[in-house]
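**Student:** my questions concern the predicted model and sequence given below.
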Amino acid sequence: MSIPTEPIGSIPRPAALLEGMRALADGRISPQDFDVLGRAAVRDTIADMEATGSPVVTDGEQTKPSFATYPIAGLPHLAPDGVTITFADGHVRQLPRLSGGPFRYTIHADQYLMLAKKHAHVPVKQAVISASALSLLYPQGGIAGYSRETFLEDLLREHEADIRGCLQNGAHKVQIDFTEGRLALKLDPTGGLLRSLIDLNNRALSRFSHDERSKIGVHTCPGGDRDSTHSAEVDYAELLPSLFDLEVGNFYIQLASESDRPRVLKIIREQAKSGQMIFVGVTDPISPRVETAEEVRDRILEAAEFIPPSRLGTTDDCGFAPFGDDTSTSRETAFAKIRARVAGTALAAKALRI
């Protein structure tokens, strides 16, 4: 296949793993027992993803509590009353608040990667949370004895280690989840918050070589949780010019669920920089309807009118279950959509004769 296609990350967890998560939280099973359940879920998820024909797989984020908070599970000095994120259907997700330092990751993403590689027969991609998302843990009022700049230095060091460990352990790509980008414009329409988040992420990315950044990407979407979004009303025209300032080689852009895809594609054509690979979303994880391969093909051909095929890839709009307790999409639907993406990408490549 001459058009690359990659998943975003998360796959809905099987029922046994979801029950295991609840049992672990309640103290009814040990961490060792949960580890057995998690390893089985990773093994089965990779096997099912490979069965779709996907040339690149992930571990499905099976054992992450969420795509955002995996590095801080069990971290001391956390309070529950952090930044709240409200979704269009009214449900809320809330980040914890850092109440003391120093800031350290409790787990790095290469541990997920190395387990996945034991089971995979194709390249494995690894998703990591952005430094900018974790920067929201630090309270606006500050922390006595632990300045914001000291926190940011600790955060950048940990984030660099998160990415570097994955690169060193053979990740096909390392994808930085930056779903807060569009949300930042909802919270601050002046763009000041967005610019500060972009600048912070580039501080981290400056620690990597050009060749390393060619294997790093950024994912953007308006959030996707329980079949709802947190910032879909924010105009992509406000986000994309700043997004393409990020010093990475790959961009994974939610597109299938946009109401006016040609308009967004025109903005991408105007704003993307030379050499940046653009992976457009061709399946919508929060829609229960499974796209056909032909629909996927047509979306790719549409995108190829704006993006040179040599710089075009395909992906899903978002992960299928970024939070561990999200059961709004079944595993069967997720894999069916991935199968349609893979087949549709092959049809588009054939139509484009590349």
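**Tutor:** On my side now, so go ahead.

**Student:** now the helix or strand where residue 204 lies, how far from the chain's geometric center?
**Tutor:** Secondary structure from DSSP states H and E places residue 204 in helix 192-205. Relative to its parent chain, helix 192-205 has a centroid offset of 17 Å by C-alpha atoms, centre = their mean, to the nearest Å.

**Student:** for it, packing partners?
**Tutor:** helix 131-135, helix 148-168, helix 180-187, helix 236-243 (3 or more C-beta pairs under 8 Å, 6 or more residues apart in numbering; DSSP states H and E). From N, CA and C alone the C-beta is placed, and that goes for glycine too.

**Student:** next structured bit after that helix?
**Tutor:** Helix 192-205 is succeeded, C-terminally, by helix 210-213 (DSSP H and E).

**Student:** report the contact partners of the nearest residue to residue 254 once chain neighbours are set aside.
**Tutor:** Nearest non-adjacent residue to residue 254, counting by C-beta to C-beta, 6 or more residues apart in numbering: residue 221, 3.6 Å away. By C-beta atoms under 8 Å, 6 or more residues apart in numbering, residue 221 lies in contact with 179, 182, 229, 253, 254, 281, 317, 318.

**Student:** looking at the residues you listed, which are in strands?
**Tutor:** Using DSSP state E, the subset of those located in strands is 253, 281.

**Student:** make a PyMOL selection of the buried ones in the contacts of residue 221.
**Tutor:** Filtering those down to the buried ones (16 or more other C-beta atoms under 10 Å) takes a single PyMOL command:
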select buried, resi 179+182+229+253+254+281+317+318
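
**Student:** geometric centre of the protein: which residue is closest?
**Tutor:** Nearest to the geometric centre of the chain sits residue 177, at 3.8 Å (C-alpha atoms, centre = their mean).

**Student:** please look at that one and residue 10 and confirm they touch.
**Tutor:** No. The criterion here is C-beta atoms under 8 Å, and residue 177 misses it with residue 10 at 9.7 Å.

**Student:** which residues are in contact with both of those two?
**Tutor:** Joint contacts of residue 177 and residue 10 (C-beta under 8 Å, 6+ apart) are 67, 127.

**Student:** tell me how far the ends of stretch 247-257 are from each other?
**Tutor:** 26 Å (C-alpha to C-alpha, to the nearest Å).

**Student:** average model confidence for that stretch?
**Tutor:** Stretch 247-257 shows a mean pLDDT of 98.

**Student:** in the helix holding residue 204, which residues are buried?
**Tutor:** 193, 194, 197, 198, 200, 201, 203, 204, 205.

**Student:** just stretch 121-139 next, same as before
**Tutor:** Applying 16+ other C-beta under 10 Å to stretch 121-139 flags 124-138 as buried.

**Student:** stretch 84-93: how far from the chain's middle?
**Tutor:** 18 Å.

**Student:** who's in contact with it?
**Tutor:** Against stretch 84-93 from outside (C-beta under 8 Å, 6+ apart): 94, 95, 183, 223, 225, 226, 227, 228, 229, 230, 232, 323.

**Student:** and the fifth one, what's its pLDDT?
**Tutor:** If I follow you right, that is residue 225. 91.

**Student:** surely it touches residue 323?
**Tutor:** Yes. Counting by C-beta under 8 Å, residue 225 touches residue 323, with 5.7 Å between them.

**Student:** circling back: average model confidence for the helix holding residue 204?
**Tutor:** 98.

**Student:** contacts for that helix next, please.
**Tutor:** Counting by C-beta under 8 Å, 6+ apart, 130-132, 135, 152, 156, 159-160, 163, 176, 178, 180-181, 184-185, 187-188, 213, 216, 218, 239, 242-243, 245-248 sit against helix 192-205.

**Student:** are any of the residues you listed buried, and if so which?
**Tutor:** Judged by 16+ other C-beta under 10 Å, buried ones among those: 130-132, 135, 152, 156, 159-160, 163, 176, 178, 180-181, 184-185, 213, 216, 218, 239, 242-243, 246-248.

**Student:** would you double-check that residue 313 falls in a strand?
**Tutor:** Yes. Checked against DSSP: H, G, I helix; E, B strand; the rest coil, residue 313 lies within a strand.

**Student:** in the stretch 1-150 of the chain, which spans are helices?
**Tutor:** Secondary structure of the stretch 1-150 of the chain (DSSP state H, counting those that start in this stretch): helices at 15-26, 31-51, 110-119, 131-135, 148-168.

**Student:** now, of those helices, which is deepest in the fold?
**Tutor:** Ranked by mean neighbour count, the helices of the stretch 1-150 of the chain are led by helix 131-135 with a mean of 24 (mean count of other C-beta atoms under 10 Å).
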